[in-house]
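Peer 1: Below is the sequence, then the predicted model.
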Amino acid sequence: MSVFYTARKTIRNYANSGNILILATMMALIIVNMPFLTELYNSLWVHEVALQVGDFNLFSHNGHPMTVMQFINDALMAFFFLSVGLEIKREVLVGELSSFRNALLPIIAAIGGMVVPVLIYRYLSQGTDFADGWAIPMATDIAFSLGVLAMLGNRVPIGLKVFLTTLAVVDDIGGIMVIALFYSGHIEYTMLLWAAAFLVALFIGGRLGVQSKLFYGALGTCVWFCFLNAGIHPTIAGVLVAFTIPSKPVYAPEKYVKSIRQNISYFTSEDDDKLNSRTILDKNQMNLLKQIETASDKVISPLQDMEDTLHPFVNYIIVPLFAFANAGIFFGGMEISQLYSGIAPAIILSLVVGKFVGIFLFSWLTIICRLAPMPEGGNWSRMASVSMLGGIGFTVSLFIANLSFGANASMAILLNDAKLGILVASILAGILGWLLLHFSLPQEPQDDEDDD
């Protein structure tokens with residue numbers, strides 16, 4: 001069904017990147033626990049990064065240069081959140097979130113999948129030194145979870161894939177709001193006003209139909225720098241900038257087709273033999289083809305063009321690099337008791353049990369009350385299986401763990417244990433979700449996957 005084409009493309013992108021993410025995580029775990037490589041791995045992230053002209057360093061926070069780790073988490077991950085913001089805007093305009101009835105089930109399920117894990121974590125962490133990590137189990141990693149679905153191939157109905165994708169997008173919105181509200185430091189209002197001014201300029205440019213990527217890139221970088229030095233987490237800049245990117249192309253499809261037809265008409269059948277000989281184009285032919293190329297660029301909106309351009313960069317470079325830098329859990333000196341006491345079991349229970357209960361219970365209530373229909377191809381056992389996959393937190397969970405405990409060197413052990421809990425929970429949720437789906441899905445592939 002062509003209506004699901006965009007969803008299928010998104011699912012394939014995330015599913016393929018999930019394999020790279022798993023590989024990067026495994027490499028980090030192996031390298032950090034090899035005695036002759038541990039020190040090298042840890043030393044990689046403390047080097048300073050600079051992009052400097054005179055006394056001005058773009059990669060600096062209140063006059064202090066960024067480390068490699070800060071550059072990855074605060075600068076490169078801004079591109080991740082820019083991509084998330086573009087995806088959210090597209091979903092609201094033309095995707096599942098554009099229809100209230102279609103969006104209601106994954107929205108309510110996502111709310112349940114955020115509220116219940118947070119409540120479990122807060123209950124288990126009362127009076128402890130890791131209570132500030134309450135937002136860690138909120139997230140669902142879209143790449144990992146869709147990667148698990150991809151392992152089952154065409155047996156998974158497209159309706160379930162779209163449900164999980166939309167749920168993860170809503171989860172991202174919740175995570176972004178939490179980061180903006182609860183993980184900001186002392187606010188520098190002068191820098192915040194500058195950021196607001198640049199955002200207004202971006203918004204006006206979008207309303208005027210400015211198409212230049214350089215315009216949005218340059219002013220977006222200014223917004224990011226102002227946020228970085230204003231005390232608000234800079235990755236939020238990526239989301240806000242994404243919302244200013246225009247979604248309307250310069251050419252309407254009708255005008256584009258007319259332009260293509262007009263330019264192609266200049267190439268007559270008499271030119272075929274000359275063109276087949278692969279000679280250098282004459283000036284007139286080259287100009288005509290350039291006009292076609294320009295028209296092709298103008299029929300794609302900046303929103304779609306930027307999202308499509310960013311996806312490979314984010315999914316295959318930035319997120320795996322983030323995982324490689326942040327998933328290095330050192331097992332030396334660890335005791336088995338750390339899996340059933342402290343922060344690790346709190347995260348494991350919150351992600352595996354909390355996510356499952358929250359997503360499934362809120363979905364059940366929504367469908368039973370007839371507020372929204374069951375996803376196409378779904379039933380209660382399959383919904384339970386997908387709810388379990390929601391417990392794969394990983395990328396955003398690691399990100400929030402770093403925000404919660406990474407700023408203070410005295411909390412290094414706590415951060416390491418938090419990473420352990422996230423890793424174990426994500427593996428458990430992935431394996432259990434796969435097993436549940438394997439036994440609840442039909443053995444034959446679903447026909448609706450074949451039609452692109």
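Peer 2: Sure, I can see it. For clarity, every value in this text was computed on a predicted model and none was experimentally measured.

Peer 1: Pick out the residue nearest the middle of this structure.
Peer 2: Centroid check for the chain by Cα atoms, centre = their mean gives Val84 as the closest residue, at 4.8 Å.

Peer 1: Please, which helix or strand holds it?
Peer 2: Per DSSP states H and E: Val84 is located in helix 77-93.

Peer 1: Please apply the same query to Leu192.
Peer 2: helix 189-207.

Peer 1: How about residues contacting the helix or strand harbouring Ala237?
Peer 2: Assigning secondary structure by DSSP H and E places Ala237 in helix 235-244. Helix 235-244 is contacted from outside by 74, 77-86, 88-89, 176, 179-180, 195, 199, 202-203, 205-206, 216, 219-220, 223-224, 226-228, using Cβ atoms under 8 Å, 6 or more residues apart in numbering. (Each C-beta comes from the backbone N, C-alpha and C, glycine too.)

Peer 1: Mind naming the longest strand for this protein?
Peer 2: Across the chain, the longest stretch assigned as strand under DSSP state E is strand 64-67.

Peer 1: what sits up against that strand?
Peer 2: Under Cβ under 8 Å, 6+ apart, the answer for strand 64-67 is 45-50, 57, 59-60, 74-75.

Peer 1: Out of the helices and strands in this structure, which is least certain?
Peer 2: helix 272-276 (a mean of 60; mean pLDDT, DSSP states H and E).

Peer 1: Can I get stretch 27-46 in CSV, CA atoms only?
Peer 2: Taking Å, rounded to 0.1, in the frame of the first residue of the first chain, the C-alpha atoms of stretch 27-46 are listed here in CSV:
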residue,chain,number,x,y,z
MET,A,27,33.4,-2.9,20.0
ALA,A,28,33.3,-0.4,22.9
LEU,A,29,32.6,-3.2,25.4
ILE,A,30,35.4,-5.4,24.1
ILE,A,31,38.0,-2.6,23.9
VAL,A,32,37.4,-1.0,27.3
ASN,A,33,37.8,-4.4,29.0
MET,A,34,41.0,-5.3,27.2
PRO,A,35,43.8,-4.5,29.7
PHE,A,36,46.2,-3.1,27.1
LEU,A,37,43.5,-0.9,25.5
THR,A,38,41.5,0.4,28.5
GLU,A,39,43.7,3.4,29.1
LEU,A,40,43.8,4.2,25.4
TYR,A,41,40.0,4.1,25.1
ASN,A,42,39.5,6.3,28.1
SER,A,43,42.1,8.8,27.0
LEU,A,44,40.5,9.3,23.6
TRP,A,45,37.6,11.3,25.1
VAL,A,46,39.6,13.8,27.2
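
Peer 1: what's the angle from the helix holding Ala237 to helix 189-207?
Peer 2: 20 degrees (axes from the mean of the first three to the mean of the last three Cα atoms, to 10 degrees).

Peer 1: Could you work out the end-to-end span of stretch 309-322 for me?
Peer 2: 19 Å (Cα to Cα, to the nearest Å).

Peer 1: List the buried residues in it.
Peer 2: 310-311, 314-316, 318-320, 322 (16 or more other Cβ atoms under 10 Å).

Peer 1: And for Ile400, the neighbour number?
Peer 2: 26 (other Cβ atoms under 10 Å).

Peer 1: how close does it sit to Thr67?
Peer 2: Distance, Ile400 to Thr67, using Cβ to Cβ, to the nearest Å: 19 Å.

Peer 1: next one: Arg90
Peer 2: Note on Arg90: its distance to Thr67, by Cβ to Cβ, is 34 Å.

Peer 1: In terms of neighbours, single out the busier of the two.
Peer 2: Arg90 (22 against 17).

Peer 1: residue contacts, that one?
Peer 2: So Arg90 contacts 6, 247, 303-304, 307 (Cβ under 8 Å, 6+ apart).

Peer 1: same check, this time on Arg382
Peer 2: Arg382 neighbours (Cβ under 8 Å, 6+ apart): 157, 160, 437, 440-441.

Peer 1: how does it look with 6 Å?
Peer 2: Counting by Cβ atoms under 6 Å, 6 or more residues apart in numbering, Arg382 touches Ser440.

Peer 1: What of Ser350?
Peer 2: 117, 120-121, 137.

Peer 1: What pLDDT is listed against it?
Peer 2: Confidence at Ser350, expressed as pLDDT, is 97.

Peer 1: Where does it sit: helix, strand or coil?
Peer 2: The three-state assignment at Ser350 reads helix, by DSSP: H, G, I helix; E, B strand; the rest coil.

Peer 1: Skipping adjacent residues, who's closest to it in space?
Peer 2: Pro137 (3.6 Å; Cβ to Cβ, 6 or more residues apart in numbering).

Peer 1: Please report the number of neighbouring residues for the one you found.
Peer 2: 32.

Peer 1: cool, and Ser247?
Peer 2: The burial count for Ser247: 15, using other Cβ under 10 Å.

Peer 1: One more: Tyr340?
Peer 2: Quick note: Tyr340 (other Cβ under 10 Å) scores 9 neighbours.

Peer 1: And for Ala201?
Peer 2: Ala201 has 16 nearby residues by other Cβ under 10 Å.

Peer 1: Model confidence at the closest residue to it other than its chain neighbours, what's the number?
Peer 2: In space, and not counting its chain neighbours, Ala201 is closest to Leu219: 5.8 Å by Cβ to Cβ, 6+ apart. On the pLDDT scale, Leu219 is placed at 96.
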